[in-house]
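# Quick one: sequence plus predicted model below, questions after.
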Amino acid sequence: MKTREVFGFNLEMTKHLMKASPKYIIVNSIDSVVGTASTVLQILFYQKLIDLVIYSEPSIAKIAVSFLLYYLLCSAAKAFNHWVTLVFNEKEKRRIYLYYKKMIYTESVKKKIEKYSSETYRNMLHNAVYHNGDYLYSFAVQLLGLMSSVISFLSVLYLFQRLHFIFVFAAVISAVKNCVCSSRVNKLKYEMHQVNMMIERCNTYIYNLFYFKKYIRELRFYPIGNYFISQYARLKELWWQKNKKMTIRRGCEDLICKAADLLIYASNVVVLMLLLVRGEITVGEFSMVLTNFVLLSSYIERIIMFFPAVWDGAKYMKDISDVIHSENYCLKEVKNETAADDSQGACIKCENLCFSYDGKNNVLNNVTAVLPLTKKIAVVGENGSGKTTFVKLLLGLYTPTAGTIEYCCPDRHIKNNMELFSVMLQDYRIFALSVADNILPFPDENGKKRINDAICFCGLEEKVRTLPQGADTILTGEFLEEGICLSGGEQQKTAIARAHAKNRPVLILDEPSGRLDPLSERRLIEKINHLSADKSVILVTHNLTYTKNADLVLYFENGAIAECGSPQQLISCKGRYEKMLSEQMKRMEAEA
Ligand code: ADP
């Protein structure tokens, strides 16, 4: 990774940290200074005490008073440190985590849907979302650790170099050795992390299968649980195959490091004994070096390690930064002026639209159409002919691989496609919120009226009346035990109500009646037909009997518009539409 990049990521994280909790930096800096003062006091106190006892004849009272003073000061410093680490930092950690989650969740919602097809992006997102702000927090810990280590190092260095510079030299050697060891460990850890990211993500998928009710039900009736358990075993085996060598290498390197530690300690003892025998140091100083050598070395180590740690951290932060900075979806501009040669009024113009999900096979081929936005439009065709994909392109969820979509709404003051559409797609989701919030989240007074209208529109009013808290009843048991479950059809009605309550000029409904009973289905279609004239409806359906009242029908086949016109025109052409319609009429007559 380039130095500039590392610097950039760290600067970015520092900015986030300063926004998340500036107090965290200030209080921990004070704690570092207090901690260093307490360490120096401790070192000097024991050294002087040993020398005092061995070389002078101190009074018990003098020793007791010094002990008391030492004890009070150190306890106060410890108490402050405890408050900082146990109370203050925990509180601020929550704030930092929350800030992080908010940032990453907000950003992830903005990304282009196409990104989710890329495994690299999904790995990155998994890394950024699942790691609960650890990186941001550990970056803060490292930054403060560096500052505290520098202050402590300078103070302890002064005490050591007074005796003999050789100890400082030995401490540097020990620290460098530790740094080499731990940077190798970190490198290995990162390699393992990279190797395991895909395994981790697949594991989460399997975990979800056995955690979520929706999957458990399916697994009970459709015996694929064992298959996924065997997949889990395969992933574990894969993990071991990929990590075996690295784990053994890690163990061997650890052993070498421990042997080097022992050698440095023994050399120190030999030098100290020589100096003591020659009378160059006191017993107190002998003890001071022996007990605090590791401390000095650890300060040096922390200072040196800050840089590789920042480097390693940057690799993880790259995922976060990449998610934040990867391409967002773009709102599509809506033209409000009428062009001089434009006689079509409010409309969506599609020209030569092509689209491919995988970059290889086109799902839509050269789709050209003008959709007038004062009309009821039906999009029909066989399964897989590209109807939903077409609608998703209109919504701006995907970007066409070729061709253009133009949105024209003269005199409507609509800025972008978000303001133009309300939509119910086939793969809608019901959230762990109240019925009302599922329809229109956190509404004002006017919003409540819109919710009630929407409930009537989709035919859910009877059901809502029977719910314990009416529209305020919570759905799903994720957060509340008493959360209730709606039937499949009722969930679909809720999704339709959500689209209706949004109240935008164009209502898009993708197979809205798939899960409705025939009566509800008929009532819904009637309501759609009687929607006010200034509202356009784009209805995607395979039930052609409901398209007879449409102003315009687009018949899709193999990703292209095969027929286009009013239902009457298409019937008189005796083409595909007419064939499918008469097929459905025959079936209905046979069923009647
Ligand atoms: P329809 O709505 O007419 O039933 P779709 O537009 O949903 O058809 O799908 C058209 C084709 O695109 C199908 O063959 C389907 O396999 C493919 N397709 C749909 N969604 C995706 C997706 N998210 N990723 C890859 N291929 C998709």
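Good, I have the coordinates. In this text, all values refer to a predicted model and were calculated from it rather than measured experimentally. Numbers count the residues shown, from 1 in each chain.

# Near the ligand, which residues of the chain are found?
357, 363, 381, 383, 384, 385, 386, 387, 388, 389 (CB under 6 Å from any ligand atom). Placement of C-beta: from N, CA and C, glycine included.

# number of nearby residues for residue 528?
Residue neighbour count, defined by other CB atoms under 10 Å, stands at 22 for residue 528.

# Please apply the same query to the one 3 residues further on.
Neighbour count for residue 531, taken as other CB under 10 Å: 14.

# how about it, phi and psi?
Main-chain dihedrals, residue 531, degrees, to the nearest 10: phi -60, psi 150.

# do you know how far it is from the ligand?
23 Å (CB to the nearest ligand atom, to the nearest Å).

# List the residues that contact that residue.
Neighbouring residues of residue 531 by CB atoms under 8 Å, 6 or more residues apart in numbering: 376, 507, 537.

# For this structure, name the helix or strand with the lowest mean pLDDT.
Confidence across the helices and strands of the chain bottoms out at helix 213-221, with a mean of 80, counting by mean pLDDT, DSSP states H and E.

# On the C-terminal side of that helix, identify the next helix or strand.
helix 225-277 (DSSP states H and E).

# residues contacting the residue of the stretch 401-550 of the chain found nearest the ligand?
Residue nearest to the ligand within the stretch 401-550 of the chain: residue 540 (6.6 Å; CB to the nearest ligand atom). With contacts defined as CB under 8 Å, 6+ apart, residue 540 is in contact with 378, 379, 380, 387, 388, 391, 508, 509, 510, 511.

# ok, so of the residues you listed, who is nearest residue 233?
For the contacts of residue 540, the closest approach to residue 233 (CB to CB) belongs to residue 388, at 36.8 Å.

# which residues does the most centrally placed residue in the chain contact?
Centroid check for the chain by CA atoms, centre = their mean gives residue 129 as the closest residue, at 2.8 Å. Residues in contact with residue 129, defined by CB under 8 Å, 6+ apart, are 104, 105, 108.

# who wins for neighbours among the residues of the chain next to the ligand?
residue 381 leads the residues of the chain next to the ligand on contacts (other CB under 10 Å) with 27 neighbours.

# Residues in a beta bridge with it, which ones?
Beta-bridge partners of residue 381, counted by DSSP bridges, are residue 556.

# so it makes contact with residue 555?
Yes. Between residue 381 and residue 555 a contact is recorded at 5.6 Å, counting by CB atoms under 8 Å.

# Mutual contacts of the two, please.
In contact with both residue 381 and residue 555: residue 562, using CB under 8 Å, 6+ apart.

# circling back to that earlier point, neighbour-wise, which of the contacts of residue 531 leads?
The most crowded member of the contacts of residue 531, judged by other CB under 10 Å, is residue 507 (23 neighbours).

# Report the spatially closest residue to that residue, excluding sequence-adjacent ones.
residue 537 (4.9 Å; CB to CB, 6 or more residues apart in numbering).

# Make sure that neighbour is actually in contact with residue 379.
No. At 10.6 Å, residue 537 does not count as touching residue 379 under the criterion of CB under 8 Å.

# of all of the stretch 151-300 of the chain, which residue lies closest to the ligand?
residue 205 (16.7 Å).

# Let me fix that, I meant to ask about the stretch 451-592 of the chain.
Counting by CB to the nearest ligand atom, the stretch 451-592 of the chain gets nearest the ligand through residue 556, at 6.1 Å.

# Nice, that's everything, thank you.
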